[in-house]
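Colleague: Have a look; sequence and predicted model below, questions after that.
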Number of protein chains: 2
Amino acid sequence: MNDFIEKLGTFSEEDIAILEKEVQQHMCAKDTCLLKKGEVCSSVYFVKEGAVYHHTTDKDGNLHVIDVNTTNDWVLNHKSFTSRKPSTYQIQVYEDSELYELSITSIHKLIALSPSFLQMGKLLEVVTSRLRFFDGNYTADEKYAYILSNKPELLQKFPQMILASYLKMTPETLSRVRKRVS
Amino acid sequence: MNDFIEKLGTFSEEDIAILEKEVQQHMCAKDTCLLKKGEVCSSVYFVKEGAVYHHTTDKDGNLHVIDVNTTNDWVLNHKSFTSRKPSTYQIQVYEDSELYELSITSIHKLIALSPSFLQMGKLLEVVTSRLRFFDGNYTADEKYAYILSNKPELLQKFPQMILASYLKMTPETLSRVRKRVS
DNA sequence: ACATACACTTGATTAAGATCAAGAACGTAA
DNA sequence: TTACGTTCTTGATCTTAATCAAGTGTATGT
């Protein structure tokens, strides 16, 4: 649990003690749903080991992958979490994973006990900000190269279909990009 | 000033009286800068009449239009405003405009005087959320059709170059789309 | 009225990626 | 082992929009 707490911020010994009481540890099987479409996001997860993806399916049955997380990543729908409005997509475990969970009620309790826990709010803003290429007009090659140099573990954890959807290209294109860039 | 206050929320007579003392009314000439790149956004504007655009210029000298506002729109860099971090772009008046301004210090003062002003925070979140098509993969025709049915006044106020940049297409493409869709 | 500048249009060509289609590689179950 | 279902690869073609280039307005000032 140390790496989890370290990533959360800097805390005193006492703070860590009360924090540890609030954190729940889970072993989640593949396909476990962490947040259903329509539910309000009320927990923050941290991936100790494993893989998680955020997705939705449109009326034509096409899968849209919104986000992907692996080891040492934070997992939450930040928009739903902060606005307390229903999530527009699902968060699901992609492979058997070990997760830490901190509920919103625990977070409120912690902040009431020690204001040093306020730093978590800032953190969650940062960790959930979207990757560069979702704003600008990047080519398929640039998007792949970005992942390759910034988060190559995604390429190992997820199959081409999921990655292609996440990168907004077809699996065929991703296959060709892969060959081209390597 | 009534339409401005109405859009801000629902307030008592006394609230409106203290609010009106804080609002500054401006006549701004074309090209007046409301927020410079690098400054922290510290005011919210409301367009009584006119046109405003948010833009930046990259190292190759290309103009990138991030947002456009016309009559009855709110104007602010929400990210800079809430994070208190420097703006990455400029906000500028595009044609002579009549604007109302509410500074962040005024907002804090108002909230201290009456908690009913807290509703403004929610409002600003909503009004600054990006239009649908900036997430998904929409065609040039779809983007134009969306503006045409949801904010046609933009097409009157701004020249093709600005609109094309905002819609992430070339002016040539926008010209052809225009003919095609109409 | 003329010149200059600027915005817009239109056409021809190019490039990126999607789509369609077929086959290869690999795992799992009978 | 064979058979089936995936996932991934590869090729051929098509579509969208960018680029390049040459026009056509249209306003502004002299």
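Modeller: Sure thing, it's come through.
Colleague: Spell out which residues of chain A are next to DNA strand C.
Modeller: A:139-141, A:168-170, A:172-173 (Cβ under 7 Å from any atom of the strand). Any C-beta I mention is one placed from the backbone N, CA and C, and that applies to glycine too.
Colleague: of those, closest to chain B?
Modeller: Nearest to chain B among the residues of chain A next to DNA strand C is A:Lys168, at 6.2 Å by Cβ to the nearest Cβ.
Colleague: Is the nearest residue to that closest one once chain neighbours are set aside in a helix, a strand, or coil?
Modeller: Distances taken as Cβ to Cβ, 6 or more residues apart in numbering or on different chains put B:Asn137 closest to A:Lys168, at 6.2 Å, once the chain neighbours are dropped. Under DSSP: H, G, I helix; E, B strand; the rest coil, B:Asn137 falls in the coil class.
Colleague: picking that back up, farthest pair within the residues of chain A next to DNA strand C?
Modeller: A:Thr139 and A:Glu172 (15.5 Å; Cβ to Cβ).
Colleague: So A:Ile162 sits against A:Tyr94, correct?
Modeller: Yes. Here A:Ile162 reaches A:Tyr94: they are 7.5 Å apart, a contact under Cβ atoms under 8 Å.
Colleague: if I've got this straight, A:Ser116 is in a strand?
Modeller: No. A:Ser116 sits outside any strand when classified using three-state DSSP, being helix.
Colleague: Enumerate every residue touching A:Ser106.
Modeller: Going by Cβ atoms under 8 Å, 6 or more residues apart in numbering or on different chains, A:Ser106 touches A:22-23.
Colleague: check which helix or strand covers it.
Modeller: Assessed by DSSP states H and E, A:Ser106 sits inside helix A:104-113.
Colleague: Would you indicate which residues of that helix are buried?
Modeller: Neighbour-count burial for helix A:104-113, with 16 or more other Cβ atoms under 10 Å in any protein chain shown as criterion, is recorded at A:106-107, A:110.
Colleague: Excluding sequence neighbours, find me the nearest residue to the residue nearest in space to the middle of chain A.
Modeller: In chain A, the centroid-proximal residue (Cα atoms, centre = their mean) is A:Val75; its distance is 3.2 Å. Nearest non-adjacent residue to A:Val75, counting by Cβ to Cβ, 6+ apart: A:Tyr45, 4.0 Å away.
Colleague: where do the strands sit along chain A?
Modeller: In chain A, the segments counted as strands under DSSP state E are A:24-28, A:33-35, A:43-57, A:63-70, A:74-75, A:90-103.
Colleague: out of those, deepest packed?
Modeller: Among the strands of chain A, the stretch with the highest mean neighbour count (mean count of other Cβ atoms under 10 Å in any protein chain shown) is strand A:74-75, at a mean of 23.
Colleague: Please enumerate residues in contact with it?
Modeller: A:7, A:34, A:44-47, A:52, A:69, A:91, A:99, A:124, A:127-128.
Colleague: cool, and stretch A:93-102?
Modeller: For stretch A:93-102, the surrounding residues in contact (Cβ under 8 Å, 6+ apart) are A:1, A:4, A:22-34, A:43-53, A:68, A:75, A:157-158, A:162.
Colleague: for it, what is the average pLDDT?
Modeller: The average pLDDT within stretch A:93-102 is 95.
Colleague: same thing with stretch A:2-11?
Modeller: Mean pLDDT, stretch A:2-11: 83.
Colleague: tell me how far it is from the chain's mean position?
Modeller: Stretch A:2-11 has its C-alpha centroid displaced from the chain centroid by 17 Å (Cα atoms, centre = their mean, to the nearest Å).
Colleague: picking up where we left off before, can you pull the contacts of the residue nearest to A:Val75?
Modeller: Taking Cβ under 8 Å, 6+ apart, we find A:Tyr45 in contact with A:34, A:52, A:74-76, A:99-102.
Colleague: any chance you could read off phi and psi for A:Cys41?
Modeller: Here is the backbone geometry of A:Cys41 (degrees, to the nearest 10): phi -70, psi 120.
Colleague: Verify the stated contact: it with A:Leu76.
Modeller: Yes. With contact defined as Cβ under 8 Å, A:Cys41 reaches A:Leu76; the gap is 5.6 Å.
Colleague: List, one by one, the residues from chain A near DNA strand D.
Modeller: By the rule Cβ under 7 Å from any atom of the strand, the part of chain A lying against DNA strand D is A:159-161, A:171-172, A:174-176, A:178-179.
Colleague: What's the ChimeraX syntax to select whichever of the residues you listed are buried?
Modeller: The following ChimeraX line selects those of the residues of chain A next to DNA strand D that are buried, judged by 16+ other Cβ under 10 Å:
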select /A:174
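Colleague: from the residues of chain A next to DNA strand D, which is closest to DNA strand C?
Modeller: Nearest to DNA strand C among these is A:Glu172, at 3.9 Å by Cβ to the nearest atom of the strand.
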